[in-house]
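*Asks:* sequence below, structure please.
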Amino acid sequence: MDMTELFATRSSRMRASEIRELLKLLDQPDIVSFAGGIPDPALFPHEAFREAYGRVLSPATSNQALQYQVSEGYRPLRQWLAGEMGKLGVPCDETNIFITSGSQQGLDYLGKLFLSPGDTALVTWPTYLGALQAFNAYEPRYDRLTPVGGNTTPDAYRAAAASNGGRVKFSYLVPDFANPTGETLDEAARNGVLDLATELDCAVIEDAAYRALRYEGRDVPPILALDCARSGGIEATRTIYCGSFSKILAPGLRVGWICAAKPLIEKLVLAKQASDLHSPSINQMAILDVAQASYDAQVERLKAAYGARRDALLAALEAHMPAGVTWSRPEGGMFVWVTLPDGVDAAALLARSVAEARVAFVPGGAFHADGSGTNTLRLSFTLADERAVTEGVPRLGALLKRTLG
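*Replies:* Okay, the predicted model is just below:
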């Protein structure tokens with residue numbers, strides 16, 4: 001039987017992640033990879049988690065750790081997160097916090113809640129590939145969100161959405177050290193996003209996966225904090241803050257969270273109950289144990305290591321890239337965004353790079369909702385040890401020089 005004949009029409013919009021496929025290259029020891037935007041496992045707090053799971057599985061708490069959990073998430077963890085959000089300028093309590101199985105699950109739930117077929121999602125060009133994958137199954141139309149220098153009016157957004165049979169439901173963006181560009185929005189741009197959302201009466205999804213990883217410069221308030229200040233409190237806000245422990249503590253535990261007004265949290269709980277009931281109790285309890293003891297220290301450890309790797313990569317690009325190639329200089333996060341001269345196809349370049357230079361990266365077209373940006377690519381530096389930088393960047397630079405003539 002050809003089972004594909006039974007698939008729903010939305011399945012045609014489900015595509016493989018180029019990044020997930022590229023991660024398979026990490027199994028080839030001679031490949032220098034700048035592809036996967038993943039944390040360095042050597043920096044995981046291994047011993048802290050070994051001890052945490054021992055405590056969680058002690059006679060006093062093992063029944064709770066191995067039992068079903070409420071769909072909202074482990075209450076002590078939600079209470080701790082509410083305190084952390086308060087430090088960011090978002091006064092709230094645990095009823096404003098919802099635990100997800102990784103922040104990716106949160107994006108899927110938000111797509112499910114907001115998007116009817118034909119509705120419009122505003123996203124940056126480029127944007128996080130995983131967000132496009134999460135939203136695609138709900139059959140939206142995408143329009144370009146340009147937080148800096150954009151001139152599309154709210155009326156123009158509304159008219160374009162209506163012509164497609166829907167309305168603008170939300171703006172999605174990564175305001176701190178964006179995946180893939182590394183860009184950070186200043187406070188004026190964040191307020192501009194809120195102004196636009198207010199005019200359109202739509203939501204704002206703030207993906208804050210990289211917020212803690214700042215290596216230089218001053219912190220900018222989260223969009224949700226700005227929204228709280230202008231709205232008078234979290235219950236009057238339109239912003240949905242998506243956080244994650246994956247980049248700081250460990251991605252394998254799949255623990256993320258959403259902070260938002262209670263009516264949205266209540267709907268997310270219903271989505272959770274229809275999906276996986278709740279995120280694993282034992283992982284939530286272990287995350288809390290480690291976070292309470294050493295979250296801030298772990299952040300500082302990562303900032304020192306990743307900041308040095310960012311600096312090394314930027315210096316190597318300066319030394320080895322040919323004229324006509326430009327790149328971002330992120331203040332934090334995990335990524336450097338490279339722009340090649342017009343006419344150079346980064347996907348074709350990747351095939352040559354793997355075959356000839358044994359260097360991997362992610363072509364930029366995957367991050368554009370319309371498939372544009374073919375002359376761009378993303379480099380991740382979190383796994384870029386000395387060998388990756390001293391061997392990989394010169395080889396990639398030499399390939400580009402041959403390509404550009």
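
*Asks:* tell me, how many residues neighbour R301?
*Replies:* 14 (other Cβ atoms under 10 Å). (C-beta placed from N, C-alpha, C; glycine too.)

*Asks:* name the element R378 belongs to?
*Replies:* strand 376-380 (DSSP states H and E).

*Asks:* now do the same contact list for the closest residue to D276 other than its chain neighbours.
*Replies:* In space, D276 comes closest to S101 once its chain neighbours are excluded; the distance is 6.3 Å by Cβ to Cβ, 6 or more residues apart in numbering. Going by Cβ atoms under 8 Å, 6 or more residues apart in numbering, S101 touches 254-256, 276, 279-280.

*Asks:* could you turn the buried ones of those into a ChimeraX selection?
*Replies:* Typed into ChimeraX, the next command selects the buried ones out of the contacts of S101 (criterion: 16 or more other Cβ atoms under 10 Å):
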select :254,255,256,279,280
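
*Asks:* please enumerate the helices of the chain.
*Replies:* Ranges of helices in the chain, per DSSP state H, are 18-22, 46-56, 62-66, 75-87, 103-114, 129-136, 154-163, 187-200, 223-231, 262-275, 281-320, 346-352, 386-387, 393-404.

*Asks:* of those helices, which is nearest S246?
*Replies:* In terms of Cβ to Cβ, the element of the helices of the chain nearest to S246 is helix 103-114, at 7.1 Å.

*Asks:* how big is the angle separating that closest one from helix 129-136?
*Replies:* Orientation of helix 103-114 against helix 129-136 (axes from the mean of the first three to the mean of the last three Cα atoms, to 10 degrees) gives an angle of 30 degrees.

*Asks:* just checking, what packs against helix 103-114?
*Replies:* Counting contacts by 3 or more Cβ pairs under 8 Å, 6 or more residues apart in numbering; DSSP states H and E, helix 103-114 is packed against strand 97-100, helix 129-136, strand 168-173, strand 203-207, strand 239-244, strand 256-259, helix 262-275.

*Asks:* so, low pLDDT: which residues of this protein?
*Replies:* Within the chain, the stretches with pLDDT under 70 are 4-6, 12-27.

*Asks:* pick out the residue closest to the middle of it.
*Replies:* By Cα atoms, centre = their mean, the chain has its centre lying nearest to A209, at 5.1 Å.

*Asks:* quick one: it and D93, what's the gap?
*Replies:* Shown here: A209 relative to D93, a distance of 23 Å by Cβ to Cβ, to the nearest Å.

*Asks:* likewise V354?
*Replies:* Remark: distance between V354 and D93 (Cβ to Cβ) = 50 Å.

*Asks:* show me which of these two is the more surrounded one.
*Replies:* More crowded of V354 and D93, by other Cβ under 10 Å: V354, with 18 against 14.

*Asks:* which non-adjacent residue is nearest the more buried one?
*Replies:* Leaving out its chain neighbours, V354 is closest to A360 (Cβ to Cβ, 6+ apart), at 5.9 Å.

*Asks:* ok, now which ones touch A52?
*Replies:* Taking Cβ under 8 Å, 6+ apart as the test, what A52 contacts is 285-286, 289-290.

*Asks:* redo that, cut-off 10 Å
*Replies:* Listed by Cβ atoms under 10 Å, 6 or more residues apart in numbering, the contact set of A52 reads 45, 282, 285-294.
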